[in-house]
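S.K.: 3D model of this:
(2 chains)
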Amino acid sequence: KAGVTQTPRYLIKTRGQQVTLSCSPISGHRSVSWYQQTPGQGLQFLFEYFSETQRNKGNFPGRFSGRQFSNSRSEMNVSTLELGDSALYLCASSLGGSQPQHFGDGTRLSIL
Amino acid sequence: GEDVEQSLFLSVREGDSSVINCTYTDSSSTYLYWYKQEPGAGLQLLTYIFSNMDMKQDQRLTVLLNKKDKHLSLRIADTQTGDSAIYFCAESITGGGNKLTFGTGTQLKVEL
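M.R.: From the prediction side, this is the model:
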């Protein structure tokens, strides 16, 4: 069974640009969550989608948004990029409920 | 509120047991998880325990939960060099959906 796939693995952008990250969950998983990992703040929850609906949201500005498609694939968008948005963005999928989350290898975003 | 704490570093000799500790503050935790992160990779789910359990064993891994002290530990028996990584504990909160709150991570170094 294929794991969680995130594309691209690496991205370099400049301040003010926007970026879209993609996540394909494990087959059959309907819940997709996104996390940001930085050396200073650690792992922080961004949002969760289940059956195309945002079910939970972390404490991030509105520049961070996401969506989920009918096949459970999810995208995350960050607009007006800032230097502080440089991070590893991790996607996780699960069956939902209290089932454990399985993570992809992440997208490393660097802002110049 | 949600707060998960871990010690930052642990160094052990190959073949010894490693014990990684974690404390959490939210008494309504549903599940508690241990993840492993190797350089350049995402998070690998190692094991998890439901908050009404005291112990769970899975091959070389033993998880102990002390609900009174809100203390979680992960014991790795016969630690190998391949176990060198960062280990994160995480909790999910009752009614919090799939949101995980992570600790700061413990860097385990296994020496020959």
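
S.K.: Run through the strands of the chain in chain order.
M.R.: Just so you know, I chose chain A. A:5-7, A:10-13, A:19-24, A:31-38, A:42-50, A:53-57, A:64-68, A:74-78, A:87-94, A:102-103, A:107-111 (DSSP state E).

S.K.: Please refer instead to chain B.
M.R.: With DSSP E as the criterion, chain B has strands at B:4-6, B:9-13, B:18-24, B:29-37, B:43-50, B:55-58, B:61-66, B:71-76, B:85-93, B:100-102, B:106-111.

S.K.: As JSON lines, these with mean neighbour count and mean pLDDT would be great.
M.R.: (C-beta placed from N, C-alpha, C; glycine too.) As requested, those are exported to JSON lines (neighbours: other C-beta atoms under 10 Å in any protein chain shown; pLDDT from 0 to 100):
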{"stretch": "strand B:4-6", "mean neighbour count": "19", "mean pLDDT": "93"}
{"stretch": "strand B:9-13", "mean neighbour count": "13", "mean pLDDT": "97"}
{"stretch": "strand B:18-24", "mean neighbour count": "20", "mean pLDDT": "95"}
{"stretch": "strand B:29-37", "mean neighbour count": "21", "mean pLDDT": "90"}
{"stretch": "strand B:43-50", "mean neighbour count": "18", "mean pLDDT": "94"}
{"stretch": "strand B:55-58", "mean neighbour count": "12", "mean pLDDT": "95"}
{"stretch": "strand B:61-66", "mean neighbour count": "17", "mean pLDDT": "96"}
{"stretch": "strand B:71-76", "mean neighbour count": "20", "mean pLDDT": "96"}
{"stretch": "strand B:85-93", "mean neighbour count": "23", "mean pLDDT": "93"}
{"stretch": "strand B:100-102", "mean neighbour count": "23", "mean pLDDT": "93"}
{"stretch": "strand B:106-111", "mean neighbour count": "17", "mean pLDDT": "97"}
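
S.K.: for those, which one sits closest to residue A:12?
M.R.: For residue A:12, the closest of the strands of chain B is strand B:29-37, at 22.5 Å, according to C-beta to C-beta.

S.K.: Just want the angle from that closest one to strand B:71-76.
M.R.: Interaxial angle, strand B:29-37 versus strand B:71-76 (axes from the mean of the first three to the mean of the last three C-alpha atoms, to 10 degrees): 40 degrees.

S.K.: returning to what we had before: could you dump the strands of chain A into TSV with mean pLDDT and mean neighbour count added?
M.R.: Shown next, in TSV, are the strands of chain A (pLDDT from 0 to 100; neighbours: other C-beta atoms under 10 Å in any protein chain shown):
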stretch	mean pLDDT	mean neighbour count
strand A:5-7	97	16
strand A:10-13	97	13
strand A:19-24	98	19
strand A:31-38	97	23
strand A:42-50	95	22
strand A:53-57	92	14
strand A:64-68	97	19
strand A:74-78	98	21
strand A:87-94	97	24
strand A:102-103	96	20
strand A:107-111	98	18
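
S.K.: Distance from the chain centre to stretch B:43-60, please.
M.R.: Computed by C-alpha atoms, centre = their mean, to the nearest Å, the chain-centroid distance of stretch B:43-60 equals 9 Å.

S.K.: what's the answer for stretch A:58-75, then?
M.R.: Stretch A:58-75 has its C-alpha centroid displaced from the chain centroid by 7 Å (C-alpha atoms, centre = their mean).

S.K.: That stretch and chain B in contact?
M.R.: Yes - using C-beta under 8 Å from any C-beta of the partner chain, stretch A:58-75 reaches chain B at residue A:58.
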